[in-house]
Structures are given as C-alpha cells and as structure tokens.
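>>> give me the fold of what follows.
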Amino acid sequence: MSGHSKWHNIKNAKEKSDAQRGKIFTKIGREIAVAVKTGGADPEVNNKLKDIISKAKQNNMPNDTIMRSIKKASGELGNINYEECSYEGYGVGGSAVIVKCLTDNKNRTAGDVRHAFDKFGGSLGALGCVQFMFDKKGVLVLEKKDLNEDDVLLMALEAEAEDVKDEGDVFEILTAPENLNQVKDQLEKNGLTFISAEVEYIPQNYVSLEEKRLDTFLKMVDKLEESDDVQEVIHNVDC
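This is a model prediction of the structure:
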C-alpha cells in the first residue's frame, strides 16, 4: 500500500474476513453519522454523504445497513454524537503518521492511539508536528476501463483539476481541496463515474524502511486500525 491511496484500501477490503469487513462498516457508519449531522440526510444535496455512500457500496456495505446508518444519524433510530479528532506522531525510522478519528470518548481514543505508537517503537507528538510533510489535495479515483490517459487529462484540466496520475488500474485526478466538488460535478457531466472523491493528505516525500522496520511499522498501522475510533491512518512510508 502507499501512504495515501485509498483506492488500494477499498480494493483490498473486498477480500477481507467478515470480522474485518464488519469493522470497515462500523467506521463508514460513523462517517455517515457525521456527514448527516453537518449536511443533512439527503445525498442529493449533501455531497459529502453522497461520496461516503459511494465508498460504502465499493466496500460491499449492504443498502439496508447504509440506510439504517442514515436514519440513526438523523435521529429516527436514536443516535450517538461522534467528534472528529486527529493525532500525529512518528513511527520507526522517522516515518510520519497522521491518525484521523471519529469518537464518542476522546480519552479512550487517545489512550488507544498512544498505546499503538508506544508498543511498536513510535512516539506520539503534538498536533502539527508532521502535517507539514503532507499536501492536502482533493483526490478523485476513476477506473481506467477503456479510458485514454490523454483524454482524461484534457477533461481534468478543462475542469480546473491540477493533475492526473496513473495508479495501475485506476487514474487519480488531483485538485485543490476547495475545488473537489466543482471538478467532480464537471467531469460527471462529461460522463465520468468515480469510485471515490475525497480530500486526502498526500506525502511530499516517501520514506523507505528495511524489511524488519517495515514489518514493525505495518504492525503499528494494523494495531491503530483495529480501533473502531480510528477512521484512517495516513503515512509517508513506501510499502
């Protein structure tokens, strides 16, 4: 996996065990809850919710589970309020890590995150200690199918995107974060359909770790992702 590409996470999730998929559904359910709270329960007017529903379907989340999450968030089935919080720190080899969370108990979440860093040779730092090593970008992921890269690049630039990257079986279209929805809407009018469209942190440079350290680092990431409170682990390790 790379330090930022969510497409690979989405793709790999389809092959995971039922227990792992259950955790993914829990995390997406929390994202739905926050999106509904901030923008309403109608995906036609709430772009963030629309994008999360798309991600849920890519992860094979059943429609009735998606609808139940929306109803719960809108108060129809009772609800829990989740808060967004972030943690930053260093893994082995000076690797930079950002942990994005949604939680109903910040003390529990902070303890779980700190434990994962400490257990695998990392150190939790202050907010902002590594974020400057990443660029914040809008990222639209598009399956290649029979699309030509030059045609996609031309359409993307005309829609005021910044760049197009070939990531194997998908194209990633990069935009300024504030232009994400505008670019997405324009490209959809041109007939493109996206796997995902989200604001992401992209490493400015990648860190290479030798095998033993890489194994330790990946164990730390796995430990962090075990927590239902952790939505995403962003890092700059080339792996």
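
>>> now stretch 171-191: mean pLDDT?
Average pLDDT, stretch 171-191: 94.

>>> please parse this protein into its domains.
If you go by automatic domain parsing, the domain ranges for the chain are 6-73, 83-132+205-235, 134-203.

>>> before we move on, what SS does residue 202 have?
Three-state call for residue 202 (DSSP: H, G, I helix; E, B strand; the rest coil): strand.

>>> show me where pLDDT drops low in this structure?
The chain contains residues with pLDDT under 70 at 1-19, 76-80.

>>> who does the lengthiest strand in it pair with, and is each partner parallel or antiparallel?
Criterion DSSP state E: the longest strand present in the chain is strand 134-143. Looking at strand 134-143 with DSSP bridges, its partner strands are strand 170-175 (antiparallel), strand 196-203 (antiparallel).

>>> so what's the gap between that strand and the chain middle?
Chain-centre distance of strand 134-143: 10 Å, with Cα atoms, centre = their mean, to the nearest Å.

>>> list the buried residues for it?
134, 137-142 (16 or more other Cβ atoms under 10 Å). Placement of C-beta: from N, CA and C, glycine included.

>>> how about stretch 85-92?
For stretch 85-92, by 16+ other Cβ under 10 Å, it's 85, 87-92.

>>> before we move on, what about stretch 71-88?
So for stretch 71-88, counting by 16+ other Cβ under 10 Å, buried means 72-73, 82, 85, 87-88.

>>> re earlier: for the helix or strand just after the longest strand of the chain, packing partners?
Using DSSP states H and E, the helix or strand that follows strand 134-143 in sequence is helix 149-158. Using 3 or more Cβ pairs under 8 Å, 6 or more residues apart in numbering; DSSP states H and E, the elements in contact with helix 149-158 are strand 163-166, strand 170-175, helix 180-189.

>>> would you mind finding the most buried of these?
strand 170-175 (a mean of 23; mean count of other Cβ atoms under 10 Å).

>>> which residues in this structure form strands?
Ranges of strands within the chain are 83-90, 96-103, 123-125, 134-143, 163-166, 170-175, 196-203, 230-235, based on DSSP E.

>>> which among those is found nearest to residue 184?
Residue 184 sits nearest to strand 196-203 of all the strands of the chain, at 5.0 Å, using Cβ to Cβ.

>>> contacts for the closest one?
Here strand 196-203 makes contact (Cβ atoms under 8 Å, 6 or more residues apart in numbering) with 3-4, 6-7, 10, 51, 54-55, 58, 96, 98, 131, 133-141, 174, 177, 180-181, 184, 234-236.

>>> same question for stretch 42-49.
Applying Cβ under 8 Å, 6+ apart, the contact partners of stretch 42-49 are 32, 35-36, 38-41, 50, 53, 70, 181, 184.

>>> got a ChimeraX select line for the buried ones in those residues?
Selection of buried members from these for ChimeraX, criterion 16+ other Cβ under 10 Å:
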select :32,35,36,41,50,53,70,184
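
>>> TSV please, covering the contacts of stretch 42-49 and showing distance to residue 164.
Below are these laid out as TSV (distance: Cβ to Cβ, whole Å):
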residue	distance to residue 164
32	29
35	27
36	32
38	30
39	28
40	32
41	34
50	22
53	25
70	33
181	18
184	14
